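S.K.: here is the input, now give the coordinates:
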Amino acid sequence: MTYFRATDPFPLESADHTKLHEFYARLGRGTLATTQCAGCGVTAWPPRGFCPECLSDRFEWVDLPEHGTIHAFTVQEAGLPAGFDGPRVFAIVKVGGHRVFAIVTGADPAQVCVGQRVSLAPLRVADDPKGTPRWLPAFRVV
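M.R.: Below is the predicted model of the structure:
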């Protein structure tokens, strides 16, 4: 049976669609990055086009550490979007003072636990309509 998506569950990552495209470009190169306000220096997660503290729209990109720890997680076995096989581990990972929602790959869900060390392993998802690769934040158990 073939299923069709009514909407694309993946973000439009190109410069044509978002000024935060650098996040996805860096993720594709294996680096997790976020924005830091050029005015007051606040680092935000997720990356933002304006500062949540001073409302400036001037920002620069800063890389986050490639290692983190699992703060919380859940295992989803059913109801996953088309193209995702279950079971799938979704986690909140502590990285450089931020908590990042991400997928945990390459792990037996029964062996995942809070406090476990993980390293960045971006997940390539369906290419955009122009054939450009798209990425989601993901981590692999160390």
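
S.K.: all strands for this protein, in order.
M.R.: Listed in chain order, the strands of the chain (DSSP state E) span 33-37, 43-44, 59-63, 67-76, 88-95, 98-105, 117-120, 123-125, 134-136, 138-141.

S.K.: need the residue closest to the centroid of the protein.
M.R.: Taking C-alpha atoms, centre = their mean as the criterion, P137 is the residue nearest the geometric centre of the chain, at 2.6 Å.

S.K.: in CSV: the strands of the chain, plus mean neighbour count.
M.R.: No exception for glycine: its C-beta is placed from N, CA and C like everyone else's. Shown next, in CSV, are the strands of the chain (neighbours: other C-beta atoms under 10 Å):
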stretch, mean neighbour count
strand 33-37, 20
strand 43-44, 17
strand 59-63, 14
strand 67-76, 16
strand 88-95, 20
strand 98-105, 18
strand 117-120, 18
strand 123-125, 16
strand 134-136, 18
strand 138-141, 21
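
S.K.: low-confidence ranges in the protein?
M.R.: 1-17 (pLDDT under 70).

S.K.: go again using 80 as the cut-off
M.R.: Scanning the chain for pLDDT under 80 picks out the ranges 1-19, 80-85, 126, 128-130.
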